[in-house]
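no letters, just coordinates:
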DNA sequence: TGTTAGCACTCTAAGCGGTCGAGTGCTAAC
DNA sequence: GTTAGCACTCGACCGCTTAGAGTGCTAACA
């Protein structure tokens, strides 16, 4: 058996209706809902076929049908093709250029959640190709030294070091020069042990300081370890009865609170090199444990060469995919443009 | 009518039992539960009195009694007197000295939530008496200057400035000296407009840079504007049926997610100057909207002179106050000691 | 051959009445 | 002052019935 034009129209009608109501939909409803002018009996025959093909499910005998994951998938794939351009003309920068990245992203998540009535996730951009740009040690107090480390992409890391020996300004200057001449422009892979021990030797009695700074450098470069994730709209889960029962809600809230559990999602998204558009995970397709009853739609934005982050929406499987995709594309294009003009 | 010894014993028994079960407790239960050796009928009489006095409530005729806010309050006040010392001997540092403050506090919240089975809140310490300690401008790129600002208490703020004119190293050094000689050791109140314009004049064509740096300084000093709050254990709300119904849960989760809504709590706590111990808010006493059905227990910790933060537990009114107080005192003493030895 | 009307069947949700048990207030007796 | 006893109240629970939605199947129609 094949999925012909009419079957797809009926499937589409079932899904659209189910998205609205959240209730299983029956043959009579479809018979009126579409302009196919078919009786409920005919629809029933087609529905039996669609069920056999695996696109729809019956929760129990004598209930209406609901879309299966496979059904949603088909629907989403077809829909995505159509909606491609729609967004282009809506581009207008709603986001002012916030000075602080974290505020900006938190605000983006909030906006996304508010616009869609689903839960939203935004990950801070991750910096790949990370090279050290600049190191500076400064005296802050009689026995305290501040190390400032700047990595390509202007990620800044500060570390406070306590020094026992009162190291004089001249020695500090030397250390600064030593660090910068050796390390500038290098990536993590390029900083090897030989280099480090050479530097330590040159630093003499201050080799401890070098060791501490190196540690801080390593931490600054692989910043992806504590990937920052912003969320908003957890309360929206409660708007959809199929997610709001205690057990499920508790699981979702936990995942949402322990933001690191969402990192899978971000990783999965960024890993996909040639993924320029929108990614949709339906039900069990999800890379995140504990969200099997949800659908997740994500997009990747790119602030600057190599600085990629993820934005996403989490909601019930019967989410309004069109609205979600539109919102994500919009936000994506805004973020993409933000630092590029 | 007066609250005598026996009435209090009965009240205590009612509360203890209710804490365990979450169900209204009847006279027969109390008759057996206590060692007063009174029949249920006598208990009933006393309970009628306690109800008249406002310490307990009857959800409906022929149901058992549950404690009122006033009843909890009495119970908590008495309990607190007794538990004062118990904690002292348990002090052992479970928290390793984490290098990163934010990680440490997030971990503290997590621990608190895990130990108590309630939701936990931890606020990052706020720095009062804030004085500028150190400013440094460094060239990072041909037209990029990094400004590092260190405030007393070693709060560090970085700002990246883009400069049009290619300002040379000598000029940069001058600006550094200018900034440090004028501003070091000053608090926000002490930096006035006259001072700023004098500096701008001396800076000549680089007055823009001074202006930008001053802005960053102002932001660094009043860091309390974006008070950082860490939470954990939102899922625990679902363990208590009286909080887990959709509407209430949604409200709680929202408050918990929008952490800024919890700032009232922190402010309230810190404002109370001579509050050295534990604060308990029962039901409607709460300073946080949307937590009227909860009890909140908080403590204030002090990392270093003037660096105060708040830790707290949010749970149902029938929370295990003894356990909660013990845990908070423990964590408080750990945090207090952390940077003091 | 595809479409449709009709019918018997299934299953759920909702309403109803009865019963049970926990708990109360009151009264009278100790 | 304490207690036993009793009538009363009220919610939880159980089983039953009913209404309604929706199905699958069959037979008739174009």
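Done, it's in. Computed from a predicted structure; not experimentally measured.

buried residues in stretch A:14-34?
Going by neighbour count (16 or more other Cβ atoms under 10 Å in any protein chain shown), the buried part of stretch A:14-34 is A:14-19, A:24-27, A:29-31, A:34. To be clear about C-beta, it is placed using only N, CA and C from the backbone, and glycine gets the same treatment.

and chain A, which of its residues are near DNA strand D?
Taking Cβ under 7 Å from any atom of the strand as the criterion, the neighbours of DNA strand D within chain A are A:23-29, A:40-41, A:44, A:47-48, A:51, A:58, A:61-65.

and residue A:168, what are its phi and psi?
Here is the backbone geometry of residue A:168 (degrees, to the nearest 10): phi -80, psi 170.

that one and residue B:236, how far apart?
Shown here: residue A:168 relative to residue B:236, a distance of 55 Å by Cβ to Cβ, to the nearest Å.

repeat that for residue A:234.
Distance of residue A:234 to residue B:236, given as Cβ to Cβ: 15 Å.

please apply the same query to residue A:114.
Separation of residue A:114 from residue B:236 (Cβ to Cβ) stands at 27 Å.

which one's more surrounded, the two?
The neighbour count for residue A:114 versus residue B:236, taken as other Cβ atoms under 10 Å in any protein chain shown, is higher for residue B:236 (23 against 12).

hmm, who's touching stretch A:209-216?
For stretch A:209-216, the external contacting residues (Cβ atoms under 8 Å, 6 or more residues apart in numbering or on different chains) are A:135, A:137, A:145, A:147, A:149, A:157, A:159, A:161, A:163, A:167, A:175, A:178-179, A:191, A:196, A:199-200, A:203.

in that stretch, what counts as buried?
Buried-residue list, stretch A:209-216, by 16+ other Cβ under 10 Å: A:209-210, A:212-214, A:216.

so how far is it off the chain centroid?
Its chain's average C-alpha position is 32 Å from that of stretch A:209-216, according to Cα atoms, centre = their mean, to the nearest Å.

mean confidence (pLDDT) on it, please.
Confidence over stretch A:209-216 (mean pLDDT, whole number) is 82.

for stretch A:118-130, same thing?
For stretch A:118-130, mean pLDDT is 82.

for stretch A:76-96, same thing?
When pLDDT is averaged along stretch A:76-96, the result is 61.

stretch A:291-303: which residues count as buried?
Counting neighbours by 16+ other Cβ under 10 Å, one finds that the buried residues in stretch A:291-303 are A:291, A:293-303.

is that stretch in proximity to chain B?
No: counting by Cβ under 8 Å from any Cβ of the partner chain, chain B has no neighbours in stretch A:291-303; the shortest distance is 14.3 Å.

and for stretch A:304-316?
No: no part of stretch A:304-316 sits close enough to chain B to count as contact by Cβ under 8 Å from any Cβ; the gap is at least 13.4 Å.

and that stretch, what's buried?
By neighbour count with 16+ other Cβ under 10 Å, stretch A:304-316 contains the buried residues A:307-316.

packing partners for whichever strand or helix holds residue A:10?
Secondary structure from DSSP states H and E places residue A:10 in helix A:5-21. Helices and strands in packing contact with helix A:5-21 are listed as helix A:27-33, helix A:40-53, strand A:66-67, helix A:69-82; criterion 3 or more Cβ pairs under 8 Å, 6 or more residues apart in numbering or on different chains; DSSP states H and E.

the last one packs against which elements?
Of the remaining helices and strands, those touching helix A:69-82 by 3+ Cβ pairs under 8 Å, 6+ apart are helix A:5-21, strand A:278-282, helix A:321-338.

need these in JSON lines (columns: distance to DNA strand C and mean pLDDT).
Rendered in JSON lines, the data for the helices and strands packed on helix A:69-82 read as follows (distance: least, Cβ to the nearest atom of the strand, whole Å; pLDDT from 0 to 100):
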{"stretch": "helix A:5-21", "distance to DNA strand C": "7", "mean pLDDT": "91"}
{"stretch": "strand A:278-282", "distance to DNA strand C": "24", "mean pLDDT": "91"}
{"stretch": "helix A:321-338", "distance to DNA strand C": "26", "mean pLDDT": "88"}
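
picking up where we left off before, got JSON lines for the buried residues of stretch A:291-303, with pLDDT and distance to residue A:269 too?
What follows is these, written out as JSON lines (pLDDT from 0 to 100; distance: Cβ to Cβ, whole Å):
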{"residue": "A:291", "pLDDT": "91", "distance to residue A:269": "14"}
{"residue": "A:293", "pLDDT": "89", "distance to residue A:269": "20"}
{"residue": "A:294", "pLDDT": "93", "distance to residue A:269": "16"}
{"residue": "A:295", "pLDDT": "94", "distance to residue A:269": "15"}
{"residue": "A:296", "pLDDT": "95", "distance to residue A:269": "10"}
{"residue": "A:297", "pLDDT": "94", "distance to residue A:269": "11"}
{"residue": "A:298", "pLDDT": "94", "distance to residue A:269": "5"}
{"residue": "A:299", "pLDDT": "93", "distance to residue A:269": "8"}
{"residue": "A:300", "pLDDT": "92", "distance to residue A:269": "6"}
{"residue": "A:301", "pLDDT": "90", "distance to residue A:269": "10"}
{"residue": "A:302", "pLDDT": "86", "distance to residue A:269": "12"}
{"residue": "A:303", "pLDDT": "78", "distance to residue A:269": "15"}
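
tell me which of the residues you listed is nearest to residue B:109?
Proximity of these to residue B:109 was ranked by Cβ to Cβ; the top entry is residue A:291 with 23.2 Å.

contacts only, for that closest one.
With contact taken as Cβ under 8 Å, 6+ apart, residue A:291 is in contact with A:252, A:255, A:314.

and what of residue A:284?
By Cβ under 8 Å, 6+ apart, the residues touching residue A:284 are A:69, A:292.

kindly confirm my reading that it is in a helix.
Yes: applying DSSP: H, G, I helix; E, B strand; the rest coil, one finds residue A:284 inside a helix.

please report how far it lies from residue B:242.
Residue A:284 sits 34 Å away from residue B:242, taking Cβ to Cβ as the criterion.

same check, this time on residue A:58
Going from residue A:58 to residue B:242 by Cβ to Cβ gives 37 Å.

over to residue A:20?
Counting by Cβ to Cβ, the separation of residue A:20 from residue B:242 is 33 Å.

and for whichever residue of the stretch 51-200 of chain A sits closest to DNA strand C, the neighbour number?
The nearest approach of the stretch 51-200 of chain A to DNA strand C comes at residue A:62, 2.9 Å away (Cβ to the nearest atom of the strand). For residue A:62, the count of nearby residues is 7 (other Cβ under 10 Å).
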